[in-house]
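[1] Here is my input; please provide its structure:
(2 chains, ligands or ions: 1)
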Amino acid sequence: MSGRAWKFGDNVSTDEITPGRCLHLRSNLQELAKHTLEDARKDFAPNVKSGDFVVAGKNFGMGSSREQAPLVIKLLGVRAILAESFARIFYRNSINIGLPAIVCKTQSIEEGDELELRLRDGIVSNLTRKIELEFPRMSPTMEAILNEGGLIAYVEKHGDLLLA
Amino acid sequence: MVGKTLAEKLIGWHTASGTASAGEVVIVKVDYTFSHDAAGPLLINQLERLKTIGTQDTEWTSNTVFFVDHAVPAPTKEIANDQLLVRSFAMNNGIALSDAGNGICHQVLAEEYASPGELIVGTDSHTCTAGGLCAFATGMGATDIAVAMKLRKTWLRVPESFKLVIEGHLPRGVYAKDLILKALSILGTDGATYKALEFHGRVVEEMEVAGRLTLTNMAVEAGAKTGLVRSDEKTRKYLRELGREEKWREIKADEDAVYEREIVIDATELEPQVSIPGSPDKARPVSSVKGTKVDEVFIGSCTNTRIEDMRVVGQIFKGREKARGLKLIVTPSSRRVYTQCLDEGIIKILIEVGATITPPGCGVCFGALGGIPADNEVIFSSSNRNFPGRTGNPKAQTFLGSPATAAATAINGYISDPREFL
Ligand code: SF4
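    Next up, the predicted model:
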């Protein structure tokens, strides 16, 4: 299953992903999702398709701890976020809700490229450019949470936090 | 044995083995967890999913606080409904509630809850503020905090630490806010991602807790997990004034602790700093942006607006009037600060200068209410973030500076050097 790349720059903040002015929509994620990243790219939320990828530069998701930021990206059907680096809280939030946040070299990916993610192999295939991008494994803790589909599912299954 | 940084000590005291070293992944016991109206509904949803898991209800709720602070009084029915949910959940479950009007979570935590040596996690990125009292405090999302509340523990990767040494002495008109903006301009918005920022040096030793809280508040603006200052006699004095001296203990990093990076800033020659629109790390001396026309000034947020800041603002405003056509919004950070301002005559000065005073809370800081700028307007803010759209209008521009620089700017109507008024 492949999807297209939506490109973003460096330092995309949570204020751009889910603006504070949309606070009144935080308990209505379907509506909130319509504003996803609108201050960075107006065309994203209306046109993104299930299976597509958010592809960014450095420090994606800087700023606030609002978990609605990765949640609305996931709700729009985004398969994974690929970035050169992530802000700490955003990264943890993405994994906690079961949205793959992948640290990889994104410069070679262009807007609209068809991508395929092979999470377990650690590979993003760029079908348009016929390049395979390898990415480093995430930490064992993060991998364990993501494999269960998120932190709540992890805790429900194990009845405790066993990671360390 | 090699010495420990503050982060290693504080985290170590909360692990089963009693020790922690940078790079390790550990499970830690948490002393306090908290949430607020902007994250609370999501967190409550996750708590419901964890209903059958974890400790008995009475245990987990005892060291938990819910705040209603992000948009007070509620500007829309949707936000009112979210706040009702947070308020009633707290009241029905015996969770401490700091309701609308009581103040911003980080300020109220510093006043009433956070103490040296504790480990605190909350659903807000500026949780690191409590590091100014030498608590290991860090922000996480609603799911992490729901689990931490229920299980009274969380997992952490023990951060490496950067040592920020602030030497010399603070010149007139230069404050903790200017120091942290300067530090951010050196570090960049992701220069300390996953690290702990430990503040040292003569200036920090001589600084009152109010200023230390300003330094640690903005550690996250460099991507850091937390900011920390040792606990000393200044910390003791702060807690004594709040009637919590018994919570004091002395804590300092070991002499031979290992730091990944050391940065030295000499405060003596520093000018007041201003961050230009985009991100807080774009700080430069006020002289380079002096004269930029400003439509609105916001003095508020968890970064400053403590009584020490308000006294400086009062001194600048006394007997003056704000520039014609300029909107001046002042939002005290807590009910306690508001009362102190009233007792000290600062509220009268604010009214006479032409300020609109909004209730203790986040105010326009993150753009949900309370002074959202119009299209193409320029707002000068004493808060911590100026990302595009932060103050509620992506077509407006936000500059950041100290409350003193904000006050001087409000008088002139353009970005001004506070030293002219002091
Ligand atoms: S004052 Fe601003 S930065 Fe501080 S908690 Fe409120 S919204 Fe966040």
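[2] What segments of the chain are helices?
    The chain I'm using is chain A. With helices called from DSSP state H, chain A shows them at A:14-17, A:29-33, A:44-47, A:68-75, A:88-96, A:140-147, A:151-158.
[3] The chain in question should be chain B.
    If DSSP H is used as the criterion, the helices of chain B fall at B:6-12, B:40-49, B:57-61, B:77-92, B:105-108, B:142-151, B:176-187, B:202-206, B:209-217, B:233-241, B:307-317, B:335-343, B:346-353, B:403-412.
[4] among the helices of chain A, which is nearest residue B:27?
    Residue B:27 lies closest to helix A:140-147 among the helices of chain A, at 10.2 Å (C-beta to C-beta). (Each C-beta comes from the backbone N, C-alpha and C, glycine too.)
[5] Return the closest one as PDB; C-alpha atoms alone will do.
    Listed in PDB are the C-alpha atoms of helix A:140-147, where the atom choice follows Å, rounded to 0.1, in the frame of the first residue of the first chain:
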ATOM      1  CA  PRO A 140      13.100  -0.700  22.200                       C
ATOM      2  CA  THR A 141      10.700   1.200  24.600                       C
ATOM      3  CA  MET A 142       9.100   3.100  21.700                       C
ATOM      4  CA  GLU A 143       9.000   0.000  19.600                       C
ATOM      5  CA  ALA A 144       7.200  -2.000  22.200                       C
ATOM      6  CA  ILE A 145       4.500   0.700  22.600                       C
ATOM      7  CA  LEU A 146       4.000   1.100  18.900                       C
ATOM      8  CA  ASN A 147       3.800  -2.600  18.300                       C
END
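[6] coming back round to it: right, so of the helices of chain A, which gets closest to residue B:267?
    Closest to residue B:267 of the helices of chain A is helix A:88-96 (C-beta to C-beta; 28.3 Å).
[7] Just put the helices of chain A in JSON lines and tack on mean pLDDT, distance to the ligand and mean neighbour count.
    Output for the helices of chain A, formatted as JSON lines (pLDDT from 0 to 100; distance: least, C-beta to the nearest ligand atom, whole Å; neighbours: other C-beta atoms under 10 Å in any protein chain shown):
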{"stretch": "helix A:14-17", "mean pLDDT": "95", "distance to the ligand": "10", "mean neighbour count": "26"}
{"stretch": "helix A:29-33", "mean pLDDT": "95", "distance to the ligand": "17", "mean neighbour count": "16"}
{"stretch": "helix A:44-47", "mean pLDDT": "97", "distance to the ligand": "24", "mean neighbour count": "14"}
{"stretch": "helix A:68-75", "mean pLDDT": "97", "distance to the ligand": "14", "mean neighbour count": "25"}
{"stretch": "helix A:88-96", "mean pLDDT": "97", "distance to the ligand": "13", "mean neighbour count": "26"}
{"stretch": "helix A:140-147", "mean pLDDT": "93", "distance to the ligand": "26", "mean neighbour count": "17"}
{"stretch": "helix A:151-158", "mean pLDDT": "93", "distance to the ligand": "23", "mean neighbour count": "18"}
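[8] Let me have those in a markdown table, adding distance to residue B:37 as columns.
    A markdown table is the format used below for the helices of chain A (distance: least, C-beta to C-beta, whole Å):
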| stretch | distance to residue B:37 |
| --- | --- |
| helix A:14-17 | 17 |
| helix A:29-33 | 15 |
| helix A:44-47 | 25 |
| helix A:68-75 | 13 |
| helix A:88-96 | 18 |
| helix A:140-147 | 27 |
| helix A:151-158 | 22 |
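[9] still on that earlier bit, and the helices of chain B, which one averages the lowest pLDDT?
    Across those, helix B:57-61 has the smallest mean pLDDT, namely a mean of 72.
[10] on that earlier part again, who wins for proximity to residue B:54 among the helices of chain A?
    For residue B:54, the closest of the helices of chain A is helix A:151-158, at 8.4 Å, according to C-beta to C-beta.
[11] Distance from the closest one to the middle of the chain?
    21 Å (C-alpha atoms, centre = their mean, to the nearest Å).
[12] wait, what's in contact with residue B:260?
    The contact partners of residue B:260, by C-beta atoms under 8 Å, 6 or more residues apart in numbering or on different chains, come to B:22, B:160-162, B:195.
[13] Which members of these are the farthest-apart pair?
    Longest span within the contacts of residue B:260, C-beta to C-beta: B:22 and B:162, 11.3 Å.
[14] just to revisit the earlier point, right, so of the helices of chain B, which gets closest to residue A:162?
    So among the helices of chain B, helix B:142-151 is nearest, using C-beta to C-beta, at 10.8 Å.
[15] quick one: the closest one to helix A:68-75, angle?
    Put simply, helix B:142-151 runs at 110 degrees to helix A:68-75, going by axes from the mean of the first three to the mean of the last three C-alpha atoms, to 10 degrees.
[16] now the angle from helix B:142-151 to helix A:88-96?
    Using the same axes, to 10 degrees, helix B:142-151 lies at 80 degrees relative to helix A:88-96.
[17] How about residues contacting helix B:142-151?
    Here helix B:142-151 makes contact (C-beta under 8 Å, 6+ apart) with A:67, A:92-93, A:96-97, A:150-152, A:155, A:160-161, B:30, B:33-35, B:39, B:42-43, B:45-47, B:49-50, B:53-55, B:60, B:64, B:121-123, B:140, B:154.
[18] Taking the residues you listed, please make a PyMOL selection of just the buried ones.
    In PyMOL syntax, the buried subset of the contacts of helix B:142-151 is picked out as below (16 or more other C-beta atoms under 10 Å in any protein chain shown):
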select buried, (chain A and resi 67+92+93+96+97+150+151+152+155+161) or (chain B and resi 30+33+34+35+39+42+43+46+47+50+53+54+60+64+121+122+123+140+154)
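[19] re earlier: out of the helices of chain B, which is closest to the ligand?
    Evaluated over these, closeness to the ligand peaks at helix B:105-108, with 5.9 Å, by C-beta to the nearest ligand atom.
[20] Which strands and helices lie in contact with the closest one?
    Of the remaining helices and strands, those touching helix B:105-108 by 3 or more C-beta pairs under 8 Å, 6 or more residues apart in numbering or on different chains; DSSP states H and E are strand B:64-67.
[21] CA atoms of the strand it packs on as PDB?
    Extracted in PDB, the C-alpha atoms of strand B:64-67 (Å, rounded to 0.1, in the frame of the first residue of the first chain):
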ATOM      1  CA  THR B  64      -3.200  15.100  41.300                       C
ATOM      2  CA  VAL B  65      -4.400  18.600  40.400                       C
ATOM      3  CA  PHE B  66      -6.700  19.800  37.600                       C
ATOM      4  CA  PHE B  67      -6.600  23.400  36.400                       C
END
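[22] Where does pLDDT dip in the chain?
    No chain specified, so I'll use chain A. A:164 (pLDDT under 70).
[23] looking at chain B here, not the other one
    Residues of chain B meeting the criterion pLDDT under 70: B:55-58.
[24] Alongside the ligand, which residues does it contribute?
    Neighbours of the ligand within chain B, by C-beta under 6 Å from any ligand atom: B:70, B:104, B:106, B:124, B:126, B:301-302, B:362, B:365-366, B:383-384.
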